[in-house]
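Visitor: Fold the following and give me the result.
(one chain, ligands or ions: 1)
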Amino acid sequence: MKLQSRVLILYLCIALLVLVLIGGVLPTTLHTQNLNTISRNSIDQLKHIDFALSNFIGSAKEDVLTLSLDDDVRTTDDAGFTNFLNASEETFRYSINDKEQKIIDTFKEYQTAHPYVSSVYMGREKGSFVRSYPRARPTAYDPRDRPWYILAKEHPGQVSITDPYTAVTTPDVNVGIVTPLAYPNGTIYGVVGEDITLVNLTSYISRFNMGHDDEIILVDKNGMVLTSRNSSLLFGNISDLLQDQTPTFLATDEGVLVLNGSYLMYYTSPELGWKIGEIVPFSSIERQINNSIVQILLVVLCALILLSAITLIALNYTVIRPLSNLTEVSRKIAETGDLDQTIEMGGAGEIGSLARSFKAMVEKIHAEEQRRQLVLAELKGHRDHLEEIVAERTRELSEANLHLQELDRLKSLFIASMSHELRTPLNSIIGFTGIMANGYAGEINAEQKKQLGMVQDSARHLLALINDVIDISKIEAGKIEAGVSTFNFDDVLREVENTLGPAAREQGLVLHVERGVPLSITSDERRVKQIITNLVSNAIKFTDKGRVDVSVERKGTVVEVHVRDTGIGIEKEDLEKLFRPFARVMVPGRLVEGTGLGLYLSKKLARFLGGDITVESELHKGSVFTFSFPVIYKKQEDI
Ligand code: ADP
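Guide: Residues are numbered from 1 along each chain as shown. So this is what the prediction gives:
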């Protein structure tokens, strides 16, 4: 999924979460708040109604007062006025004189001008009763007994409002607004007043639209419902509605009561003493709350959508687009392998530095790739010419080989020449000096004999050296051949003992060679003897006193010859040098004779025979050289 879609979904989820949270918390909060607000508003409205009602009643009072000051109305000459004291429906006939008619006209005119007034009337102490319109039924009637008359008389000099009372001849319930007519001395001679039928009052109050599915009720101080659209409540007692909350209602000036399915907000008119109430169904408030919630949620939703849009646009410019560019470039590189791409730098911040790092990386890889291509091209060139190169090298190699073969031929020629050209004169020198030293060629003195001896020694030394060099070069050139024969090893040991015994004795040494062991060997007898002779003559050479012991040991298919001496011994660090060519271990105060090739040659010969030479030695105590070789010779591939 694309980053943009992911961010969008994330935003939608957050928005949904916010809406659910708000939707969860709002109803309770709003319910309480709304109820408070609605009750406050409602009571404010009720105050307005009270104000209007008080004005209405106030102006009615003023009107009644004005009527009571009317000269015609105030007349004391009321003897001829209509009275119903002894009236009977069947016999009663109106006989209205001019004076009374004038008052009736005034009353009528007034009533017409005041639509909520149901009747305007006047009662007199003498029992007469004048009204704006004729009574429905002319029954016996004494105004002086009526509550309105009694109330007015009880409050002289005032305009009073009666409690609601039922009309005598109609089902109307009225409130009367009445004031007494009095002589200047204060004696009351009549009462003038008007009735407001409560049905009219209800329609008056209904004009006040409170904006809910509500109902306005008017309740007098005794709890009687004066106005209500609900006819079952009208003129009944409010306790029918409020039940046990009635005392609270009557005792408090204003408040809110929870009824079954509705609220009652009420306010007590300070002027009239009546309670004006508004009954609001729960559903009406719930609807308002729901409306508020829907409004708030809509606003939040719009805000979230706006926020999401702005954030997405900003994200698009700062993050998504640069990232998409990078993704596109890396996709192209992955698909085509073409590193030559234009990478946008992506501005500041982390994305910018990512883009810069990416660019630097791609450039580096690009450079490396170019270098690799170059190397590859070079390698390809080499590969293409590999056969030529191999042919060239092979040619060089065969040339070198030829050269080597030539050298080898020259070396062999040299060795053959040496063997002939050097050994022949040396043998002559040794022979002739021997002849001269023995005096066969004439008398010589002692000094001459000594000098000749030295010449002979040097010649022998040189001959030995030449023999060794020739042997070594033959071995190294692989030109040595084993003269294999089966021989008795004891014979070899006897010959060594015979050859070197005199020299040992001359040095005052004991040479003991282990003899008498029957051992048949199939190998190169001459070489075996040469090696043992070299080891024994070295032992004699490097032993001043004591003995030299030669012992033989057969270990399976191998013979071991141990040459043990009590000589000067060799230091540990010199041991490994022994078998190198021209190795001579220097011993202070001792002139070391020999070529330094003996051990080197012996080891090579031992290996040629399939064996080896090892040494163990302790300085000033002596050495043991061990020559081991197979009982039956087997040709060695590599020496
Ligand atoms: P060379 O033919 O001159 O005797 P070698 O190769 O036989 O030479 O010996 C090399 C050196 O090894 C000698 O110069 C000597 O120092 C040491 N060496 C050989 N054998 C013994 C031995 N038995 N005791 C002490 N030193 C020895």
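Visitor: Kindly tell me how buried the residue lying closest to residue 610 once chain neighbours are set aside is, as a neighbour count.
Guide: Take residue 610 and drop its neighbours on the chain: the residue closest to it by CB to CB, 6 or more residues apart in numbering is residue 630, 4.7 Å away. For every residue, glycine as well, the C-beta is placed using N, CA and C. Counted with other CB atoms under 10 Å, the neighbours of residue 630 add up to 16.
Visitor: Check the one 3 residues further on too.
Guide: If you count neighbours by other CB under 10 Å, residue 633 ends up with 22.
Visitor: what does residue 30 give?
Guide: For residue 30, using other CB under 10 Å, the count is 17.
Visitor: Please name the nearest non-neighbouring residue to it.
Guide: The shortest distance from residue 30 to any non-neighbouring residue, by CB to CB, 6+ apart, is to residue 289 (5.0 Å).
Visitor: Using neighbour counts, pick out the buried residues of the helix or strand that contains that neighbour.
Guide: Counting by DSSP states H and E, the element that carries residue 289 is helix 282-315. Neighbour-count burial for helix 282-315 flags 284, 285, 288, 289, 292, 293, 300, 304, 308, 315 (criterion: 16 or more other CB atoms under 10 Å).
Visitor: ok, now how distant is the nearest residue to residue 484 once chain neighbours are set aside from residue 409?
Guide: Distance criterion CB to CB, 6+ apart; nearest residue to residue 484, sequence neighbours excluded, is residue 633 at 5.2 Å. From residue 633 over to residue 409 the distance is 29 Å, taken as CB to CB, to the nearest Å.
Visitor: How about the residues of the stretch 501-639 of the chain by the ligand?
Guide: Residues of the stretch 501-639 of the chain lying near the ligand by CB under 6 Å from any ligand atom: 534, 538-539, 542, 565, 567-568, 570, 578, 583-585, 592, 594-600, 623.
Visitor: Show the buried residues in these.
Guide: 534, 538-539, 542, 565, 567-568, 570, 578, 585, 594-600, 623.
Visitor: Which members of those are positioned in helices?
Guide: Residues of these located in helices (DSSP state H): 534, 538, 539, 598, 599, 600.
Visitor: that older thread, which pLDDT value belongs to the residue nearest to residue 610?
Guide: What the model reports as pLDDT for residue 630 is 96.
Visitor: isn't it right next to residue 555, touching?
Guide: No: taking CB atoms under 8 Å as the definition, residue 630 is not a contact partner of residue 555, at 10.6 Å.
Visitor: Wait, a helix at residue 408?
Guide: Yes: counting by DSSP: H, G, I helix; E, B strand; the rest coil, residue 408 falls inside a helix.
Visitor: How many residues are close by it?
Guide: Residues near residue 408, counting by other CB under 10 Å: 12.
Visitor: Need the pLDDT of the closest residue to it other than its chain neighbours.
Guide: Distances taken as CB to CB, 6+ apart put residue 477 closest to residue 408, at 6.8 Å, once the chain neighbours are dropped. On pLDDT, residue 477 comes in at 74.
Visitor: So the residue in the stretch 1-150 of the chain positioned nearest to the ligand versus residue 401, what's the distance?
Guide: Nearest residue of the stretch 1-150 of the chain to the ligand (CB to the nearest ligand atom) works out as residue 3 at 85.6 Å. Going from residue 3 to residue 401 by CB to CB gives 71 Å.
Visitor: Of these two, which one has the most company?
Guide: Set residue 3 next to residue 401 and count neighbours by other CB under 10 Å: residue 3 wins out with 14 against 11.
Visitor: can you pull the contacts of that one?
Guide: 319, 320, 323, 324 (CB atoms under 8 Å, 6 or more residues apart in numbering).
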